[in-house]
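1. following is a predicted model, sequence given first.
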Number of protein chains: 2
Amino acid sequence: MQNFTFVNPTRILFGKDVIGKLAAEAAKAGKKALLVYGGGSIKKNGVYNALTAALAANGVAVTEHAGVKPNPVLSHTREGIKKALAEGCDLIVAAGGGSVIDEAKAIAAGTKYNGDVWDFFSGKPAPREALPLFTVLTLPATGSEMNSGCVITNEATRQKYSTQSPVLFPKVSALDPETTLTLPRPQIAYGAVDALAHIIEGYFTTKDRDVEITDEVVHALARAIVASTERILKDPADYNARASMMWSATLALNGLATCGYGGTNFINHAIEHALSAIYDIAHGAGLAIVMPAWFKHHLATEGPARLEKFGHAVFGTSSAEETIAAFEAFFRRAGAPVRLAEAAIPADAIPEIAANAMGLIRMWGMKHEQPEIEKILRNAV
Amino acid sequence: MQNFTFVNPTRILFGKDVIGKLAAEAAKAGKKALLVYGGGSIKKNGVYNALTAALAANGVAVTEHAGVKPNPVLSHTREGIKKALAEGCDLIVAAGGGSVIDEAKAIAAGTKYNGDVWDFFSGKPAPREALPLFTVLTLPATGSEMNSGCVITNEATRQKYSTQSPVLFPKVSALDPETTLTLPRPQIAYGAVDALAHIIEGYFTTKDRDVEITDEVVHALARAIVASTERILKDPADYNARASMMWSATLALNGLATCGYGGTNFINHAIEHALSAIYDIAHGAGLAIVMPAWFKHHLATEGPARLEKFGHAVFGTSSAEETIAAFEAFFRRAGAPVRLAEAAIPADAIPEIAANAMGLIRMWGMKHEQPEIEKILRNAV
């Protein structure tokens, strides 16, 4: 078990009708909020009305920054920063999924930075200061509501890059499972895939394989994610399954699932970022394609031990091959693509995708070369 | 799944050689520390030397408050408060197990309070202010290093009572598994029992039994605690097992293991507090006696469902009776007593113990009467 530091100061308000409490907490941080959201689903599911009413009732004035895209883009982030500066906003409130929260984090940091926000994503020092951020999560998937990272796509350069800083932890996040009851079915699938992807990266890339407590935590999260998703697919109105899924996805990337693993890496994410930077597909869809392909590569290069352990604990499988098949079967059942062709990505694009992924692989200091990435992607043909 | 709030701001420095980092963090909070510790085991295992040297190197002057007892007592707590006030201490550094950290918390709060510190434990409002607390944990068991509660025994009234407040979270806790390599064998057993006790209370007393993610987290922690302890009993020098045990015990009472359970209670703890208030036995020893007795009562009054689920996931058992037997066997194997007589407590003391427990049961707002507590205790004869 390797040394680690764990800290996570985000306050979670979980359950029904927690938006009012979030607004009361936000009001302690400031009186002029930039309200960041996406394509308007929060207007359909009642979150927009509840949140704006609660902010108003707590004396918080709101400037709206709508239209965040599923892979949030740099140009829209820059617009948000301009708005926040022009209106003198002293806090950010984000309502939506991980993309909305990620863009809100970038805006929070960019507003306090005397330079271009892309600096944070392109290898320059991480943010040292940010406006306080409050989030209302409506899509369990990315874990951004309780961590200090964010991902932005530079649409001009086709780079989907990330940054991380302790100042980016949301102060408070409201997680009401009822807001997820109306999620479209693809988002149920992609959320489940994304949450699983977060816990498998560390588990499978750790060089230290004697970290029993964290292995157990990873198995626990994976079992809860799979079981909750199966229940949701059967009965989308199942509140307890929605709740279990929502909290599981948050725990999957809040730091707990890698404690003691030491030098892990995010290889599946690096490859997927290239897929969605070029093809603008959903992050979860891209991961469902990349993960089985990478598992096959992992099995060929590192042997069956981890796949056997994980599969036995989570899927009840008894071999590495069965574990990979169980992942694929789960992704398919949920409705996610598991091959490039199923997302209309041609096999001859593999060199371009791999070349794009190399940018992130180098920036993250990972030891992989382009031929290896191409080989992994060919497992997804 | 019930509504909940989760927040835990404590920073954890985990692994080898983290005491120096802790001292550097402490120095940011102040320059005059009250150093709280127990009977001197930290002088044998090197923690005392490492910590005092690191504090000095960081410019932190130290006033010592040694001699904390295993069930920390009110009189010694009051002495600590007097010392901290007399020396103008602006922070507390605690080095030891849960008893040391608990007394340090009470001193931290008492120093900032214009009244008697026992007020916090006897039903008056919880602390609103406390000196910043930094801890070096040397005994995995109570979870106090990453939570906001503490327990003190009023030796005059034989009351072992608790308080809880957000101001009592340690700022930073250093967890170096190497400091646990020399633990006497009974403390290995009692630590394992205590950590298990923390996760079973919520799991078995929740009225909401559809909280899949938290059930999974509880199973994961229990499996890690049992497996790590078995390894430690076999090979006390097994660093990875010590590390897994240490982090598991912390997670067992940092808030994660009850998320969504709603109105749970700490019935085993209430009964055990009476045992150690009267007989001054180790908390873990008392719990190993109370838990099997309470499980039998739970089975008789609430049926086998939870015992079956837990046992199947943790011990591989297939009935509630087998689960209780597996707990007892594990406690015995570790070296803990599982009957009153094994701790030299006479059966005819049961009414007195039950009467003492009723004080805490009433203060904690639990719905149990003395005859029920006596009945539970008779299961431990």
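-> All right, it came through fine. Numbering: from 1, shown residues only, chains lettered A, B, ... in the order given.

2. close to chain B: what parts of the stretch 51-200 of chain A are there?
-> Contact residues, the stretch 51-200 of chain A versus chain B (Cβ under 8 Å from any Cβ of the partner chain): A:Pro177. Placement of C-beta: from N, CA and C, glycine included.

3. and the stretch 251-381 of chain A, by the same measure?
-> Near chain B, the residues belonging to the stretch 251-381 of chain A are A:251, A:256, A:259-260 when assessed by Cβ under 8 Å from any Cβ.

4. A:Ala341: which of those is nearest?
-> Proximity of those to A:Ala341 (Cβ to Cβ) peaks at A:Leu251, which lies at 33.7 Å.

5. which residues touch A:Lys207?
-> Taking Cβ atoms under 8 Å, 6 or more residues apart in numbering or on different chains, we find A:Lys207 in contact with A:262-263.

6. whoops, I mixed them up, A:Asn254
-> With Cβ under 8 Å, 6+ apart, A:Asn254 has these contacts: A:8, A:10, A:143, A:146-147.

7. that one in helix, strand or coil?
-> coil (DSSP: H, G, I helix; E, B strand; the rest coil).

8. gap between it and A:Ala56?
-> Computed as Cβ to Cβ, to the nearest Å, the A:Asn254 to A:Ala56 distance reads 31 Å.

9. I'd like the average pLDDT over the longest helix anywhere in chain A.
-> In chain A, assigned by DSSP state H, the helix with the most residues is helix A:212-234. Mean pLDDT, computed over helix A:212-234, is 98.

10. could you check the angle that helix makes with helix B:212-234?
-> Put simply, helix A:212-234 runs at 160 degrees to helix B:212-234, going by axes from the mean of the first three to the mean of the last three Cα atoms, to 10 degrees.

11. buried stuff in helix A:212-234?
-> Residues A:212-229, A:231-233 are the ones in helix A:212-234 that count as buried (16 or more other Cβ atoms under 10 Å in any protein chain shown).

12. again, but for stretch A:21-41
-> A:21-27, A:29-30, A:33-38, A:41.

13. distance of the residue lying closest to A:Val314 once chain neighbours are set aside relative to A:Ser165?
-> Ranked by Cβ to Cβ, 6 or more residues apart in numbering or on different chains and with sequence neighbours excluded, the top spatial neighbour of A:Val314 is A:Ala222, at 4.5 Å. A:Ala222 sits 28 Å away from A:Ser165 when distances are taken as Cβ to Cβ.

14. and if you look at A:Ser41?
-> 28 Å.

15. check A:Tyr48 too.
-> 29 Å.

16. tell me how many other residues surround A:Ala270.
-> 25 (other Cβ atoms under 10 Å in any protein chain shown).

17. that one in helix, strand or coil?
-> Relying on three-state DSSP, one would call A:Ala270 helix.

18. in contact with the nearest residue to it once chain neighbours are set aside, which residues are there?
-> Closest residue to A:Ala270 apart from its sequence neighbours, by Cβ to Cβ, 6+ apart: A:Leu360 at 4.5 Å. Counting by Cβ under 8 Å, 6+ apart, A:Leu360 touches A:159-161, A:270, A:273-274.

19. could you dump these to JSON lines with distance to A:Thr182 and pLDDT?
-> Output for those, formatted as JSON lines (distance: Cβ to Cβ, whole Å; pLDDT from 0 to 100):
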{"residue": "A:Gln159", "distance to A:Thr182": "33", "pLDDT": "93"}
{"residue": "A:Lys160", "distance to A:Thr182": "28", "pLDDT": "91"}
{"residue": "A:Tyr161", "distance to A:Thr182": "32", "pLDDT": "94"}
{"residue": "A:Ala270", "distance to A:Thr182": "33", "pLDDT": "96"}
{"residue": "A:His273", "distance to A:Thr182": "28", "pLDDT": "93"}
{"residue": "A:Ala274", "distance to A:Thr182": "32", "pLDDT": "96"}
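
20. in helices only, show me those residues.
-> Here DSSP H is the test, and the contacts of A:Leu360 give A:270, A:273-274 as lying in helices.

21. tell me which of those is nearest to A:Asp194?
-> The nearest one, if we look at the ones in helices among the contacts of A:Leu360 relative to A:Asp194 and count by Cβ to Cβ, is A:His273, at 12.5 Å.
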